[in-house]
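> model this:
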Amino acid sequence: MKRLLLLMLGLSIGLMASAQTIVMGTVVDENDQPLIGASIVVPETTLGTTTDVSGSFELMLRADSRQLQISYLNYKTQLIDVVSAGKRTNLGTIKMELDAIAMEDVVITQSVAVQRRTPVAVSTVSASEIEFKLGGQEFPEILKSTPGVYVTKDGGGYGDSKINMRGFKSANVAVMINGVPVNDMEWGGVYWSNWAGLSDVTRSMQTQRGMGASKISSPSVGGTINIVTNTIDAKRGGTVSYGIGNDGANNMAISLSTGLMDNGWAMSVLFAKRWGDGYIQGTGYDAYNWFVNISKRINDRHQLSLTAFGAPQTHNQRKPLYAGLSIKEWNKVAQWTGEENKYRYNAVYGFDNNGKERSSMVNHYHKPQISLNHQWQIDYKSSLSTALYMSIGRGYGYSGQGRTSADRAMWNGSNNGVLRTDFRKTDGTFDYGAIQDMNAASEDGSKMVMSKSSNNHMWYGLLSTYTNELAPGLELSAGVDVRYYIGEHKNEIIDLYDGAYFIDDADRKNVKAENNAAAADPNWKYEKLGVGDVVYRDYDGHVHQEGIFAQLEWTKDKFNTFVSGSVSNTGYWRVDRFYYDAAHQRSETMNFVGFTAKAGANWNFTRSSNIFLNVGYISRAPFFSGGAFLQSTTSHMTNPDAVNEKVFSVEGGYGLRLEKFALNLNAYYTLWMDKADVRSKLMSNGDYARVNLTGIDARHMGIELDLRYKPARWVNLTGMVSLGDWIWSSNAKGYYYDSQGQPMTKNMDGTVASGIMAEDHAWIELDQKGVHVAGSAQTTAAIGADFYPFKGLRLSANFNLYANNYADFYLGSTAIVNDTAKVNDPWKIPVGHQLDLSASYSFKIGKVNATIYGNVNNLYDYNYVMDAQCATDATSWEDCYAVMYSFGRTYTLRLKINF
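Predicted structure coming up:
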C-alpha cells in the first residue's frame, strides 16, 4: 500500500513538473535601476509574485500560460508574452515606462516617495502583504515591523489602536488617504475606528519617517502615512470573501470592478461587514465598510475620478485612564476571570436590572470621505492635478454625567489603577442596576445619567498641484492647500437610568451672567432636564487653513536634489451655546502664520548603492484644543502665550541593493520646540484634573536599519532594528482644570477659580528636563521569513521585539499646586515580544480562483505590557496604573474567491 501511494505521488509530481515552466526576469525603471516589489501576475488568476531586492523574479507557470502582467505604482502596466523555452524561460530585462497620464491622479501620488530617488526614509506595504498578514489585527498593525513605528491596541476595543512614529504620538503623524489629509483639525489625532475598513480597498500603504516628501502646506513632524486606495487600475471582475476568528469574529466582503472599458469609464465598488464579541470582555462591535470609485478617461489629456468611502461602526471600549488597572489589581481580578484571562477583564462591563448588557464606554461613528480628482495633462511637460474633497463626520461616544464631580467619577471602572467598588457585583461586573435603584429612590432626580457626547463635523478642502518640467531634469511643482472645518460638540442626555429627571447644576453654576443672560435667573441652574436635553457643553470649533507650497527638483544621471517650502495661515474661533448666549456666542478669531522649508539630495553613486541627506524646519500653528484656546470645551479664553510649534530636523541614510541582499540605514536628529501637552492628576473626590502645559521642548534622535535577503528562490528573509533616544529637553508650566473644563483653585476640592489664569487659578511647573519621552518603545526589532515551497502556497513567520519602552507619567501626590514638581524618570517597561504566523494557499474551484488565508498572532500566548502611566514621583512599577497588556493568542481564517 505504501509503495502504491509513493508511486501515485511520484506520478503526480512528475505530471505537475511536466506541465509547468519557471519564468524569470528583471524589472528596472527608466534609469535602469531595479524596481523592488513590482507586481508580477498571470492575468485573470491569483498566481503571482513580486520582484526581489535586485528587481528579479521567478514564477512557476502552467505550460499553457501565455502572458504576464507587470505593474508598479506610477509606471505603465505591461503585458509580456511568454514563449516557453523548456522548463526555464528567461524574459531578460524588462524596462518600465513612467505613466505621464496614469489613471491614479497625481494628487493621490504626489506625496508618495520613490526609493533610490526621494531623499527620505521610506517603507511601502503592498495590498497583497496587507491581505496576507493583517488577519484580525488593527489596520495600523500592518506597519509594526517598520523601523521607528510603534503600534498598540490601547484599551483593546475595535479600531481603538494608536500609532507612534519616532516617538511622536498620532497627533504629530500625518495620515493621508489618496493624498488627502485626515488628521483631526482641532487636535491633530486620528481615530482608526473611522478607517478600519480601509484594509479592504488599500492598494499601497507607505510610511515616510520624519518630515517626508509630502507637498501639502502643513506637513508632519514624526512621519507620514499615505494610503492609496483602488482606482481605475482595478482589473475587471470581482471578489467574495468570508472569514472567522477568535471571540466570535466574522467578516464578509464583496467587490466588483468593470475595469477600464472601451468608452473610457471604469467603476469599482465594495461592501464589507465585520462583527464579533471582541477579545476584551464586553467590547463587542458591529462595523461596515463601503467604497465606490467612478472614473472617466475623457481623452489623452483629461481624466476624472470620484471616490467615496466610509466605515460606520459601533463598538464598546475599555479606556485605559478610566478602566485600566495596576499590575497588582490585574492579579486580583483573576478570581473572576481565571488566571489565563485576567488581562481581558473590563472594569466597566456589566448589566442592568433587566439583564441587558451595559457599558459606560460606547463609540458610534461614521466619517465618509468624498473626493473628486481631475487631472489635466496640459502638454508633454506640464500638468495640473486638482482634488475637491469633503468629510462628513457623524457620531458620538458615551459620557457619564453626575450631580457632583464625585458622582460623575463613579461611572469610572477604576481610579489610579485601583478597581472601584461603588457599583461592583460579586462576579466582578459593573452593577448598572444599582445606579438605576439609586436614581429611582432619589427624591431630587437622577444622581447619575448617561449622555452621548456628539462630535460631528463638516470638512471641505481643495488641493491643487501644477507641475512643469522647466528644463531637462528640472521640475517645478507648486500648488494650493485650502481647508475649512466645523466641529460640532454637544452632550445630550440619552438615559436617566430610572430617575425622574436630572439637574445639571454642576455645570450651569459655572455659567456667568455676563456671558449668558439665562444665568441671571437663580432657578435656571436647577431646571429639570430629560432625555434629549443638553448638559455640560454645546459649542462649535471653526478652523480654516489656506496655504501655498512649491518644490523645485533637479535630476541628472544618478543625482537628485530638491528644495521646497510652504506658507500657511490657520485661523480658529468658537461658537458656544451653553456658556454664552446669542449676543456673546462667537469668540475672537486667532490666526497663526506658519511655514516650512526643506531641502534634500540623493546620490546613486553606484548601481547598487545610494546615500541621501535632508534637512528641514517647520513653524506650525498650535492646535485648537489645548493650544490656541486654554479650555476649548467651555471657554472663549484664548492662550496669551500661544505660539507656533517649531521643529528642526536633519536626516541621512545609505541604501545598498545587491542581487540577493538589500539594506537601508538611516540616522535622524529632531528638535521639537514650544509644543503643548496635557497631564492628569487624581483628586480626592475621584475626579481627574487636567493640566494644560505649554512651551515644552523635546529632542528625538536615532538610528534605523532594515534589510532583506533572498538566499533561494523559495525563501525571503527580512530584518529591522530601530534605536531611539528621545528625551524632554525643557521644563514646563501649566494650569489646572477639572474634568468639566473649569479652572481650579489650589484647594483642589472642586472649587472653581475666578477665571482662567486668574490669580487664584492653580498652576504647576514640572521639572522634566532629561526625562525620557514615553508612550513608545525606543528600541524595536523584527525578523521575518517567507517561504514558497510550491505553487500557490506561502508561509510566513514574523517576530517582533519592543524594548526601552517608558511609562508615561501623571501628577503624583508630591506634585503640589503652585509649586515645582520633580519628575522622576518613568518606569522602564519590561521587554515585550511576540511571534506571528501567516499562511495562504491559492487554488481553483471550478473555473474561478480562490485563496484561503490563515493567521495566528502571538503564537505562544505571551501577555506583555505595551502601555502604562506612573506618578511623577514613582520609584517602581508598583506606582503605575493604566497598565495595558498585549492580546494573547488570536487567529483568523478566511476564504476569498476571485471571479
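> what bits of the stretch 101-250 of the chain have low per-residue confidence?
By pLDDT under 70, the low-scoring segments of the stretch 101-250 of the chain are 101-118, 213-219, 231-234.
> residue ranges for the helices of it, please.
Counting by DSSP state H, counting those that start in this stretch, the segments of the stretch 101-250 of the chain that form helices are 106-109, 127-133.
> what do you get for the chain?
For the chain, applying DSSP state H gives helices covering 2-18, 106-109, 127-133, 320-323, 327-332, 334-337, 405-409, 432-441, 505-508.
> Need the contact partners of the fifth one.
Among residues not part of helix 327-332, those counted as contacts by C-beta atoms under 8 Å, 6 or more residues apart in numbering are K342, Y343, Y345, S414, G417, V418, L419, W877, E878, C880, V883, Y885. Glycine gets a C-beta too; all of them are placed from N, C-alpha and C.
> try it again with 6 Å
Contacting residues not belonging to helix 327-332 are listed as K342, G417, L419, W877, V883 [C-beta atoms under 6 Å, 6 or more residues apart in numbering].
> Now for those residues: which two are most distant?
Taking C-beta to C-beta as the measure, the contacts of helix 327-332 reach their widest spread between L419 and W877, a distance of 17.5 Å.
> residue contacts, I370?
Counting by C-beta under 6 Å, 6+ apart, I370 has contacts A308, M390.
> For it, report the pLDDT, please.
pLDDT for I370: 96.
> I'd like to know how far it sits from L388.
Applying C-beta to C-beta, to the nearest Å, one obtains 9 Å for the distance of I370 from L388.
> distance of the residue nearest to G310 when sequence neighbours are not counted from N289?
Take G310 and drop its neighbours on the chain: the residue closest to it by C-beta to C-beta, 6 or more residues apart in numbering is P368, 3.3 Å away. For P368, the distance to N289 under the criterion C-beta to C-beta works out to 11 Å.
> ditto for E329
Taken as C-beta to C-beta, the spacing of E329 relative to N289 amounts to 37 Å.
> and the nearest residue to K528 once chain neighbours are set aside, how many neighbours?
Nearest residue to K528 in three dimensions, chain neighbours excluded: Y501, at 4.0 Å (C-beta to C-beta, 6+ apart). In terms of burial, Y501 registers 18 neighbours under the definition other C-beta atoms under 10 Å.
> Contact partners for Y501?
With contacts taken as C-beta under 6 Å, 6+ apart, Y501 has the following neighbours: G445, K528, G530.
> ok, and the most crowded of those?
In terms of neighbour count, G445 stands highest of the contacts of Y501 at 18 neighbours, by other C-beta under 10 Å.
> quick one, what contacts that residue?
By C-beta under 6 Å, 6+ apart, the contact set of G445 is G499, A500, Y501, F502, I503.
> now do 10 Å
Contact partners of G445, counting by C-beta atoms under 10 Å, 6 or more residues apart in numbering, are R403, N439, L496, G499, A500, Y501, F502, I503, Y526, K528, L529, G530.
> I'd like to know how far it sits from E527.
Remark: distance between G445 and E527 (C-beta to C-beta) = 11 Å.
> Touching both of these two, which residues are there?
Counting by C-beta under 10 Å, 6+ apart, the contacts common to G445 and E527 are Y501, F502, I503.
> Same list, the contacts of Y501, but as CSV with pLDDT please.
CSV is the format used below for these (pLDDT from 0 to 100):
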residue, pLDDT
G445, 97
K528, 98
G530, 98
